[in-house]
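Student: My questions are about this predicted structure, shown below with the sequence.
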Amino acid sequence: MVALSEKAKGLIEGKNFADVATLMKDGSPQISTTWVDHDGDIVLINTTEGRVKTRNVRRDPRIAISVYNLSDPYDAMFIRGRVVEIKKDGAEEHIDRLAQKYIGMNYRQHGDRVILRIEPLHVTLMKS
């Protein structure tokens, strides 16, 4: 695992979106845009059980994430890593915190939420 720099954490803490790439059963990539968070050096993605990305990482934990500064897209970060845990505990509270960050209100559709806990193995920053 590699540590997230303060710059990397700042991109995640900003109101910036993440593009998350996982691998389909046939090996082809699948990508989705989502909200992002971190717990120290662990990257967090909140999703639901039925989503393609959740099914994909249960089968193959490899994942890639890009985060762009919305006000300067050349200020970006790229992470290759692996999902080390899929956690249900605290996922509904976590999606509410993310919703407050991104849209200023609690999330309206909780469903069967999970948190993907991602260990970064390689991090590249476009601007340092």
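Tutor: All right, it came through fine.

Student: what element comes up after the top strand by length along the chain heading to the C-terminus?
Tutor: If you go by DSSP state E, the chain has its longest strand at strand 72-87. Counting by DSSP states H and E, the next helix or strand C-terminal to strand 72-87 is helix 91-103.

Student: Helices along this structure, start to end?
Tutor: For the chain, helices defined by DSSP state H occupy the ranges 6-13, 52-59, 91-103.

Student: how about those helices, which one is nearest residue 127?
Tutor: Of all the helices of the chain, it is helix 6-13 that lies closest to residue 127, at 7.9 Å by C-beta to C-beta. From N, CA and C alone the C-beta is placed, and that goes for glycine too.

Student: The closest one packs against which elements?
Tutor: strand 37-39, strand 62-69, strand 72-87, strand 113-125 (3 or more C-beta pairs under 8 Å, 6 or more residues apart in numbering; DSSP states H and E).
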